[in-house]
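> Predicted structure and sequence below. I'll ask about it afterward.
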Amino acid sequence: PIASITKLMTAMVVLDRALDMDARVVISSDDMDQLKGTHSRLRPGAALSRDELLLLALMASENRAAAALARTYPGGTEAFVAAMNEKARVIGMRDAHFEDSSGLNSANVASAPDLARMVKAAYEYPVIREYSTRDQAQVNVLGQTLQYRSTNSLVRGHSWDIALQKTGFINEAGRCLVMHVRLASKDMVMILLDSWGKNSRIGDAQRIKKWLETAALRPQG
């Protein structure tokens, strides 16, 4: 299970269809999480642009935003999920399968090589690169200004050269993190799956970074 890493695929499917990103989308009770009971500040009746929903899905991993993007896709959620699975096939994700747009469904699965392919494909979309690496944003919802921030502390810390990223967590998936980063003067994709502790995926990433940078400084030969 890949949890909210799913939202990279959600973003690609939305952008591939060239939908009106300025169109207002009203959050519905149908967008509420009936599977895990997760919380959201996007109450039914809240109206945001499709662009704002995409930003919140990628940066803050907003589940109702992802659900609303799928629900308002031409043909509805069923057509959206079909498009997700077709996109996975096109980009060579051999072991991947999607059942929803948020990643709350543990039937959303993929292998690490699959996710590397998905990260590389998502990297080709400037909007996904920008929104997934934004550290904070605010939106006006039902007369209130809501502040959101990145779910990735490495983005908020500004000490990494991150071109694209996405975090994920459900119990079945553990804590996950995928990134397209520049380390030791090289561009690379980092896939971390099924970490146990709340901060262990970040600690693992930091250890990989240190190892690569230290290795790069060693004399060759």
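Cool, the structure landed.

> Please identify the buried residues of stretch 2-19?
2-15, 19 (16 or more other CB atoms under 10 Å). (C-beta placed from N, C-alpha, C; glycine too.)

> Among those residues, which lie within helices?
When those are checked against helices (DSSP state H), the matches are T6, K7, L8, M9, T10, A11, M12, V13, V14, L15.

> residues contacting the residue lying closest to S200 once chain neighbours are set aside?
Counting by CB to CB, 6 or more residues apart in numbering, R175 is the residue found nearest to S200 once chain neighbours are left out, at 6.7 Å. For R175, the contact set (CB atoms under 8 Å, 6 or more residues apart in numbering) comprises T167, G168, F169, D194, S195, W196, G197, K198, S200, R201.

> shouldn't the fourth one be in contact with A173?
It stands for D194. Yes - between D194 and A173 there is a contact at 6.6 Å, judged by CB atoms under 8 Å.

> Who has more neighbours out of those two?
Per other CB atoms under 10 Å, whichever of D194 and A173 has more neighbours is A173, with 21 against 14.

> for the protein, which helix is longest?
Under DSSP H, the chain gives helix 200-217 as its longest helix.

> residues in contact with that helix?
So helix 200-217 is contacted by 153-154, 160, 167, 175-177, 179, 183-185, 190, 192, 195, 197 (CB under 8 Å, 6+ apart).

> Check which residues of that helix are buried.
Those would be R201, I202, D204, A205, K209, L212, for helix 200-217 by 16+ other CB under 10 Å.

> can I get the CA coordinates of stretch 70-87 in CSV?
C-alpha atoms of stretch 70-87 as CSV (Å, rounded to 0.1, in the frame of the first residue of the first chain):
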residue,chain,number,x,y,z
ALA,A,70,-11.9,12.8,-8.7
ARG,A,71,-15.7,13.4,-8.1
THR,A,72,-15.8,16.4,-10.5
TYR,A,73,-13.7,14.7,-13.2
PRO,A,74,-15.7,14.1,-16.5
GLY,A,75,-17.5,10.8,-15.8
GLY,A,76,-17.0,11.1,-12.0
THR,A,77,-14.9,9.1,-9.6
GLU,A,78,-15.2,5.8,-11.4
ALA,A,79,-13.8,7.3,-14.6
PHE,A,80,-11.1,9.1,-12.7
VAL,A,81,-9.9,5.8,-11.1
ALA,A,82,-10.0,4.1,-14.5
ALA,A,83,-7.8,6.9,-15.8
MET,A,84,-5.4,6.5,-12.9
ASN,A,85,-4.9,2.8,-13.7
GLU,A,86,-4.5,3.5,-17.4
LYS,A,87,-1.9,6.2,-16.7
